[in-house]
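Engineer: A predicted structure for the sequence below; I have some questions about it.
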Amino acid sequence: MTLTLELPKGEEAAWKEEAERAGLTPEELARQAIQDRLLSALKNRRVPQSLDELQPRRQPSPGKTAMEMVFQKLETDETDEEIRQALEELS
């Protein structure tokens, strides 16, 4: 993944100085900062202690269970062959 950051002039200079002090390129320092932040978030995330605590990210429609949502049939007017052909064209 490629990210582009637009920093104000003062912040850009400070970022380059910080990277130089750390012996890194500005890009390496940014990657390291993002990785540190993600690891910190993962460490602080509460882990469910039972299956009862797990909740689906999207609530099921009224009258449906979460499992029915997972295994619901895709409703489309396209035939299986049309879907296969579209997937091949995307590959």
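Structural biologist: The structure has been received and is ready for your questions. Residues are numbered from 1 along each chain as shown.
Engineer: what's the longest helix in the chain?
Structural biologist: helix 26-44 (DSSP state H).
Engineer: what's downstream of it, the next helix or strand?
Structural biologist: As assigned by DSSP states H and E, the chain's next helix or strand after helix 26-44 is helix 66-70.
Engineer: buried residues in that next one?
Structural biologist: Neighbour counts over helix 66-70 (16 or more other Cβ atoms under 10 Å) mark no residue as buried. C-betas here are computed from N, CA, C, even on glycine.
Engineer: just the CA trace of that helix, in CSV.
Structural biologist: The C-alpha atoms that make up helix 66-70 are tabulated as CSV, following Å, rounded to 0.1, in the frame of the first residue of the first chain:
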residue,chain,number,x,y,z
ALA,A,66,-25.9,-14.0,11.7
MET,A,67,-25.3,-17.5,10.3
GLU,A,68,-28.0,-17.0,7.7
MET,A,69,-26.4,-13.7,6.7
VAL,A,70,-23.0,-15.5,6.2
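Engineer: give me the contacts around the longest helix of the chain.
Structural biologist: Helix 26-44 is contacted by residues L3, L5, W15, K16, E18, A19, A22, L24 when judged by Cβ atoms under 8 Å, 6 or more residues apart in numbering.
Engineer: in the protein, what spans have low per-residue confidence?
Structural biologist: 56-57, 73-75 (pLDDT under 70).
Engineer: list the buried residues in the longest helix of the chain.
Structural biologist: Quick answer for helix 26-44 (16+ other Cβ under 10 Å): P26, L29, A30.
Engineer: and if you look at stretch 12-29?
Structural biologist: By neighbour count on 16+ other Cβ under 10 Å, the buried set for stretch 12-29 is W15, A19, P26, L29.
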